[in-house]
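**Q** my questions are about this predicted structure, shown below with the sequence.
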Amino acid sequence: MIISSSDKKCRQAFLNHLRKKWKITETGKLSRFVGITCSETEHPCGGKSWAIAAPGYIDRAVERFKMQDAHPIKSPMEAGFIVGLDEHDGYVEDPKRTNQ
């Protein structure tokens, strides 16, 4: 089970509640869970984000489907694409790009 909270008191209260019924172990900051690697990044503006990856699963899939000679790419989406749920979703014009 993964438990995460920005409120330390709330997190501790939840853990204490779980301890009443089960024996639990805290392993510290999340780095790996069921074969998925997890990493947290702090941004200069004060925000945080999580990145998750499943390199072992991907490697096995590549081998299973005989795709070792495929050309890897860094990201499946083009730079500038915004994912969301409102009318502003989609591509954002790159101010560095000139239209000719």
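**A** Perfect, I can see it now.
**Q** every contact and neighbour count from this point should use C-alpha atoms.
**A** Will do.
**Q** okay, now the closest residue in space to residue 54 that isn't next to it in sequence: neighbour count?
**A** Closest residue in space to residue 54, ignoring its immediate chain neighbours: residue 36 at 4.7 Å, by CA to CA, 6 or more residues apart in numbering. Counted with other CA atoms under 10 Å, the neighbours of residue 36 add up to 13.
**Q** beta partners of residue 36?
**A** Residue 36 has these beta-bridge partners by DSSP bridges: residue 33.
**Q** hmm, residue 58 and it touching each other?
**A** No: when contacts are counted by CA atoms under 8 Å, residue 36 is not listed as touching residue 58 (10.6 Å).
**Q** who's in contact with the longest helix seen in the chain?
**A** Counting residues, the longest helix found in the chain (DSSP state H) is helix 8-19. Applying CA atoms under 8 Å, 6 or more residues apart in numbering, the external contacts of helix 8-19 come out as 3, 4, 5, 24.
**Q** how much space separates the first one from residue 49?
**A** The reference is to residue 3. Going from residue 3 to residue 49 by CA to CA, to the nearest Å gives 16 Å.
**Q** and stretch 14-31, how far out from the chain middle?
**A** Relative to its parent chain, stretch 14-31 has a centroid offset of 22 Å by CA atoms, centre = their mean, to the nearest Å.
**Q** what's the end-to-end length of it?
**A** Taking CA to CA, stretch 14-31 runs 21 Å from one end to the other.
**Q** ranges for the strands of this protein?
**A** Applying DSSP state E to the chain gives strands spanning 32-33, 36-42, 48-53, 81-82, 90-91.
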